[in-house]
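In: Quick one, what's the 3D model for this:
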Amino acid sequence: MTTRNTNEPVMPGASSALDQMKYEIASELGIGNYQQMDKGALPSRVNGYVGGNMTKKMVAFAEAAMQSGNTSQILQSAPTEQIK
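Out: Numbers count the residues shown, from 1 in each chain. Okay, the predicted model is just below:
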């Protein structure tokens, strides 16, 4: 099965860290062996649950960084594109 993901990464090289985060969150949610599973055979609710929890953790990280005054850390890691 080939991947259809055509999204361009904001930070090249971060995909391995995001994959590791995905597997850790799946494990926390009680989804064992997620790395070897055929994600296409899983219900979208299961994959969405993992992705949703990844997003929650990333938003919490960004909020904590902003609250502590580390806005430069956020701006450097997630540059915004201007809409034309």
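In: longest single helix anywhere in this protein?
Out: Ranked by number of residues, the top helix in the chain under DSSP state H is helix 44-67.
In: which intervals of this protein have sub-threshold pLDDT?
Out: Flagging of the chain using pLDDT under 70 yields the residue ranges 1-3, 5, 9, 73, 77-84.
In: do that again at 90, thanks
Out: For the chain, the stretches flagged by pLDDT under 90 are 1-18, 32, 39-42, 58, 61-84.
In: Count the residues that sit near residue 61.
Out: 13 (other Cβ atoms under 10 Å). (C-beta placed from N, C-alpha, C; glycine too.)
In: coming back round to it: next structured bit after the longest helix of the chain?
Out: helix 71-77 (DSSP states H and E).
In: Would you pull up how far that following helix lies from the middle of the chain?
Out: Its chain's C-alpha centre and that of helix 71-77 lie 17 Å apart, by Cα atoms, centre = their mean, to the nearest Å.
In: Give me the residues contacting it.
Out: 10, 11, 62, 65, 66 (Cβ atoms under 8 Å, 6 or more residues apart in numbering).
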